[in-house]
Each structure stands twice: as C-alpha cells, then as structure tokens.
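K.L.:
Output the structure for:
(2 chains)
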Amino acid sequence: MLFNYTIDGFENIQHQDYFSLQKNINKLMSLYRSYGYHQISTPTFETYDLYVHEDSIPSDDLFKLVNHQGKVLVLKPDATLPITRMAAMNHPNFEEIIKYSYQTNIYRNFSSPEMVKKEITQIGIEYFGNNSPECDGEVIALAIQSLLEYGIEDVHIDLGHVGFINYLFDELALSPKAKETLFRYIENKNIGDIAAYLDQLKLPADKKEIILKLPTLYGKPKTVLKEMKKLCINEKMEWVVEQISEIYDHLEVIELSKYVIFDLGFTNQMNYYTDINFKGYISNCGEPVISGGRYNNLSEKFGIPRPACGFAIDLLKVIDYMEQKNLLPQDDQSRNVIFYNCDDKAAAYQFANELRVNDSIAEVFLLKQTWEDHVHSLRKSQLYKNAKLYFLSEGNLYAENNNQFLPLDSIGIESEVD
Amino acid sequence: MVIRFALAKGRVARKAIELLVALGYIFEDYSEKSRKLIFTDTTGTIEFFLVKSPDVPIYVEKGAADIGIVGKDVLMEHPAQVYEMLNLNIGRCKMCVAGFKDRPIPYGKKLVVGTKYPVIAKKYFHTKSQSVDIIKLNGSVELAPLIGLSDCIVDIVESGNTLKENGLTVLEEICDISSRLIVNQVSLKTKHELIDPIIKEFETQL
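P.N.:
Prediction:
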C-alpha cells in the first residue's frame, strides 16, 4: 500500500479550487488579450547553463536533473528568462514590439521552511521593445486591473526604481562587500544598523546623510518625489526622479494612481531589474502577490538588445485570499444524474444529450439497486451533493425530490431543460 | 483598523510592554498572570499577544501581526522577510562561544559545539573555516561541555553568571544582541498612517 507518498512543498489542487483557478486564468488571459498580448508557453525543463550565471536565483534553489546525454537540466525556476529568449529567437528585428502573456508553473527548491510551496503557479505579461514611461504605466496598470478584475479592491502597488540607489552608489568608492551589506540594510529598512555600519566606513558626512535617508523614502508618491529631489547629487539620479514622476503622471491620467505608493528602498541585489520595479499587495494579506519591473539588459544575453518590462502574479496566493473573502467564482452549472433500466438505455442517453446541449452536466448510470439505495449512496458523496437525480423506468421518467419520485411526462422534460 | 503586536515571551516582553505603557497605551486587562491570549488597549488601536520568541518573525512575516518585538538572536537564527526597523536597545547581551578557561578552542581539529542556535554557530565557524559538528540543544546548554557532550557552546551571555558557576568562560564574542522592532512588509505600506507614528514614538522613547 502507498500511504502518504507526497513531497513537502507540492500539493494537489481540489476540484473546486481547480475550477476557480481555471476561471481566474481565463479572466486574466482575456484581459491581457484585449490589450494585445499573445499567450505563449515555454518548456518545463531548461538547461542549467541558462541560470548558472543568473544571480537572481541561488543555485541551491534550483531543482536539477541529468538527462541521458549527461546534460544538467533544471525545472524552470522563473518565467521571464525563457520568455525573453523566445522573444529574441523568434523576433530578431531589434525594433519589433512584442507583447506576451503566460501562465506557467515554476519550481524553486527552497531549503526551508518545509511548508513553503515549491511549485508556484504564475500568470503575467512581458512587454518587449518599448522603453517609454507609457509602457511602464501599461504594465503597472494591468497588474492593478488583474486584481480589480477578481473583485479585490484593497490593491496596493509599491513602486520603486533601482537606479536611484545604484546611481548614488556609483559615486562612492565602496567595496562590493560594503555595498552588499548596505543594500541589505536598506532593503530591510534597518536604519539602526545602517547608522552603526556607516560609522565604520570612510565616507563624506553628507553622503552618509543621504544613505541614511534611503530607507525612509516610501509612502505617498508626491511626498516621496519631493524628498527624492532633495537627495539628488548627479544628473542620473535626477533622471530617475523624472522617469518615475512621468510614470506616476501616466497612472493619474488613466485614473489608477490611487493604488500606487512609492518605495525607493528596492535594490537589484536578487533580481535582474534595471529600472523600475514594483510589488503588488492586498490589504491584510501578509505577503506580496505581484512582482514586476523593467529589465533592459536581459535580452542582450540572447544577442538582441531590447528593453522589456513585465510582471508575474502568484496565482494560488491570490486564490487563497479570495477564498477567505468569498470572492471565488462558484461552479453553478446544473448537474444531473440519470439512472435507467436496461430497456430504457436509448431514452436515457438521448435525455442526457438533450441536457448537455442545453449547457447542463449529465451523467448516466445503469440501475443496479433500488432507487432509494442509489439516492442514499449518491447523496453521501460531496461530489454529487447538489445533483438532480432522474430515474427512467419502462419509458417513464421520474425526478427525485427528498426521496419522493415524481413522474415527469415528456413535456415535463422539455420544461425542466429550459 | 488595529495594529497588532507579537511579543516574545519573557524578559523582552516585560520591557516591551513597559515601553508601550510609557507611550501612553493602557492595557487594563493585562497582568503577568493573566491567561488571556490577546490584550487590547483602552482606545482599541493596539493589540498584543505573547508567543515563543522564534514564532515572532513567523507571525510578522505572514502578516498575522503587523509589528513584532524580538531579539536579534532570533532574527539571525530564523531569517524572515520583514523590515527590521528599530534597534530598541533592550534585552542587550552578547552571542558568544563559551568553554573551559584553560582549554582554548582547539582550532585545527573537528570541533563539537552544543547550541540552541545551530544556524548562527554554523555560520560563525564557517567564516573561520573551522569544521564543526553542531549538536542542537533546547536548553541548559552549559551542561554539554561539563559532561563531555561538546567541546564548547554557542549561546547568548548576559551577565556571565551561569557560565561562571559552572566553571565556564567566554572564549570568543560573535556579536552584540538586542531587541529589534520588526514590521510586516505589507502592513508598513497598507497601514502606513497608523504604523509610522507608532515607530516614531518608539524612536523618541529610546
């Protein structure tokens, strides 16, 4: 006997959840389609070489396996890299605009804790070949609209720009280790430890002052923009302020700016983002559900320099939230079960087809026990709880209702179907 | 909207509650012996509950609590995706390697280390390229070298009295430890208007 042969981090999806999952996927796919995105898919396996130089995913987090040629493969740990390669291979013309949408599972071999899901269902978009604030705006807008489409109102997009910190640090002569430590403290908003760490570093006092302000650059966009302007020490930092304020203006025009807050504390330590990056939150849902940004240097690795921007939604996390809030689409299609005696087989199958043509679900079983026994055993099952039961005997049709069997004439069937 | 605190049971919680009271929050139903699990202040804006210290980062990371107060030792041992916003400078102590005075750490041979903090111990000896066997213990760590279970221990040391009474001494200091105020990454953004003043109040109290 095989008991409990499941692996930590991998789960079955129950039929009700799967129904909601499919509905949700379809909803977003038609949203993305209406904005001109083409749905594509890339293989589940990738070569290890594709990810080995990618700092964004630690090698330990990859599921690796060896194929018959001795080549090391990985289970796809992210969607963006393979899609970027696909765009580069299929559209070698640098100036082409390519808009892809995708829904895929990705796999991360997180070492701990054990209850973390290692198979993650993602849905999202990648927009290639457009470097304008309007493109960033469209990607952010679609991230917001994806959640609004689900009936989730409490949406927050946390928008940042990795350039602001990078262009500041370019001016400072810091060892890679010092930079990494500072980046980590900034991401954690660990102001206390930054101050203590800066004391050990040989930096001009005014620069230390600016670094100490970085973790506090979050909140209402207009306020943060004002603060940012004060901290600029070179043209590139000023350019970042201009970019991000243009994106915000764009979102104001399309009336989605109320969902956006700023946080300039994002760094690109663990990702490939070159410009803006953003996270999507839902109130009272403790972890981010959307992650996205602009990655202008990734396509170059596949020989085609091409700007790009996109996002991914952690779909199962969103569905968990929707379940708590009763926002999930319900399976309300009518479900019918027809029992028949041997002689009535033809009539039973014909009746079932009539129901199916009228957008109902119909199942057919041969009678083996008494009617009451069939009703009793079927009602016990969760799967048939709301099903309507019919019995065909000697050319007559009966509908079950609270263990009563009411005869239906042929006209009755018609009206039942309508 | 309520701001929910997760506090690490024990010494740190007492000091954290003192801090909250000093900020003007009144918890009428709280006493140390109370069996209630959640305490709300009289204005209804703040709630706190007490949990085992390693659980604090988990509650905060998952968003079950907006703010947590917990020792740096716990955050180092159980890293979590949270904002570590303030060093509260309470519950100060040191993470140390301790052993027998007359027997310094025998670098060059494999070391057996007893500790409640396997992650911290492993990382520390790893940076010194010292190969170690870590034995994870859940309490009375000082016992391990005394009965020959381990060569030394890695533990937090406050006064050093327990070590002294057992003939042990601090051999190496790993780092300073104090309590930190941690914040859920989503709460900081979505409950910005409520959380920001609380953090500022804590800051001025320090």
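K.L.:
which residues sit in contact with residue B:112?
P.N.:
B:132-133, B:135, B:149-151 (C-beta atoms under 8 Å, 6 or more residues apart in numbering or on different chains). Heads up, the C-betas are built off the backbone N, CA and C, glycines and all.
K.L.:
Out of the residues you listed, who's the most crowded?
P.N.:
In terms of neighbours by other C-beta atoms under 10 Å in any protein chain shown, the contacts of residue B:112 top out with residue B:150 at 23 neighbours.
K.L.:
Look at that one and give its secondary structure.
P.N.:
coil (DSSP: H, G, I helix; E, B strand; the rest coil).
K.L.:
tell me the phi and psi of it?
P.N.:
Dihedral pair for residue B:150: phi -140, psi 160, per degrees, to the nearest 10.
K.L.:
Now the residue of the stretch 151-300 of chain A found nearest chain B: closest residue in space that isn't a chain neighbour?
P.N.:
Proximity of the stretch 151-300 of chain A to chain B (C-beta to the nearest C-beta) peaks at residue A:286, 1.8 Å away. Leaving aside its sequence neighbours, residue A:286 sits nearest to residue B:63 (C-beta to C-beta, 6 or more residues apart in numbering or on different chains; 1.8 Å).
K.L.:
Now that the one you found has come up, it's in contact with residue A:284, right?
P.N.:
Yes: the pair residue B:63 / residue A:284 is scored as a contact, 6.9 Å apart, by C-beta atoms under 8 Å.
K.L.:
the more surrounded of these two?
P.N.:
For residue B:63 versus residue A:284, neighbours defined as other C-beta under 10 Å are more numerous around residue B:63 (20 against 16).
K.L.:
what residues are up against the more buried one?
P.N.:
Residues in contact with residue B:63, defined by C-beta under 8 Å, 6+ apart, are A:284-287, B:184, B:186-187.
K.L.:
interface residues of chain B facing chain A?
P.N.:
B:61-64, B:81-87, B:180, B:183-190, B:192, B:196 (C-beta under 8 Å from any C-beta of the partner chain).
K.L.:
Just the residues you listed: which are in helices?
P.N.:
Those of the residues of chain B next to chain A mapping onto helices are B:61-62, B:185-190, B:192, B:196, per DSSP state H.
K.L.:
Please report the distance of the residue nearest the centre of chain B from chain A.
P.N.:
Nearest to the geometric centre of chain B sits residue B:71, at 2.2 Å (C-alpha atoms, centre = their mean). Distance of residue B:71 to chain A, given as C-beta to the nearest C-beta, to the nearest Å: 14 Å.
K.L.:
What distance do you get for that residue to residue B:177?
P.N.:
The gap separating residue B:71 from residue B:177 is 6 Å, by C-beta to C-beta, to the nearest Å.
K.L.:
Which neighbours do those two have in common?
P.N.:
B:91, B:156.
K.L.:
in chain A, which helix or strand is least confident?
P.N.:
helix A:410-417 (a mean of 46; mean pLDDT, DSSP states H and E).
K.L.:
Do you have the helices of chain A handy? List them.
P.N.:
Secondary structure of chain A by DSSP H: the helices cover A:15-34, A:48-52, A:80-90, A:133-149, A:162-170, A:176-187, A:191-200, A:205-213, A:221-231, A:235-253, A:315-324, A:345-357, A:371-380, A:410-417.
K.L.:
Next, format those as TSV and append mean neighbour count and distance to residue B:100.
P.N.:
Conversion of the helices of chain A to TSV gives the following (neighbours: other C-beta atoms under 10 Å in any protein chain shown; distance: least, C-beta to C-beta, whole Å):
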stretch	mean neighbour count	distance to residue B:100
helix A:15-34	15	58
helix A:48-52	15	46
helix A:80-90	20	53
helix A:133-149	22	60
helix A:162-170	20	46
helix A:176-187	17	35
helix A:191-200	16	33
helix A:205-213	14	43
helix A:221-231	15	53
helix A:235-253	18	56
helix A:315-324	18	51
helix A:345-357	15	82
helix A:371-380	14	69
helix A:410-417	13	88
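K.L.:
so which of the ones you listed comes closest to residue B:25?
P.N.:
Minimum separation from residue B:25 across the helices of chain A (C-beta to C-beta) falls at helix A:191-200, 22.5 Å.
K.L.:
contact partners of that closest one?
P.N.:
Counting by C-beta under 8 Å, 6+ apart, A:181-182, A:185-186, A:208, A:211-212, A:215-216, B:84-87, B:180 sit against helix A:191-200.
K.L.:
mind saving the C-alpha coords of it as PDB?
P.N.:
Listed next in PDB are the C-alpha coordinates belonging to helix A:191-200 (Å, rounded to 0.1, in the frame of the first residue of the first chain):
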ATOM      1  CA  ILE A 191      18.100  52.200   9.900                       C
ATOM      2  CA  GLY A 192      19.700  51.500  13.300                       C
ATOM      3  CA  ASP A 193      22.300  49.100  11.800                       C
ATOM      4  CA  ILE A 194      23.000  51.300   8.800                       C
ATOM      5  CA  ALA A 195      24.000  54.100  11.100                       C
ATOM      6  CA  ALA A 196      26.300  51.800  13.100                       C
ATOM      7  CA  TYR A 197      27.700  50.300   9.900                       C
ATOM      8  CA  LEU A 198      28.300  53.700   8.200                       C
ATOM      9  CA  ASP A 199      30.300  54.800  11.200                       C
ATOM     10  CA  GLN A 200      32.900  52.200  10.300                       C
END
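K.L.:
Flag every residue of the stretch 251-400 of chain A that's near chain B.
P.N.:
Listed as neighbours of chain B in the stretch 251-400 of chain A under the rule C-beta under 8 Å from any C-beta: A:261, A:263, A:281-288.
K.L.:
Would you enumerate the residues in contact with the residue of the stretch 151-300 of chain A closest to chain B?
P.N.:
So residue A:286 contacts B:61-64, B:184, B:186-187 (C-beta under 8 Å, 6+ apart).
K.L.:
List buried residues within these.
P.N.:
Buried by 16 or more other C-beta atoms under 10 Å in any protein chain shown: B:61, B:63-64, B:184, B:186-187, out of the contacts of residue A:286.
K.L.:
Among those, pick out the one closest to chain A, please.
P.N.:
The nearest member of the buried ones among the contacts of residue A:286 to chain A, counting by C-beta to the nearest C-beta, is residue B:63 at 1.8 Å.
K.L.:
Which residue is the nearest non-sequential neighbour of residue B:203?
P.N.:
That would be residue B:86: by C-beta to C-beta, 6+ apart, it lies 6.4 Å from residue B:203.
K.L.:
residues touching that neighbour, list them.
P.N.:
A:191-192, B:180-181, B:199, B:202-203, B:206.
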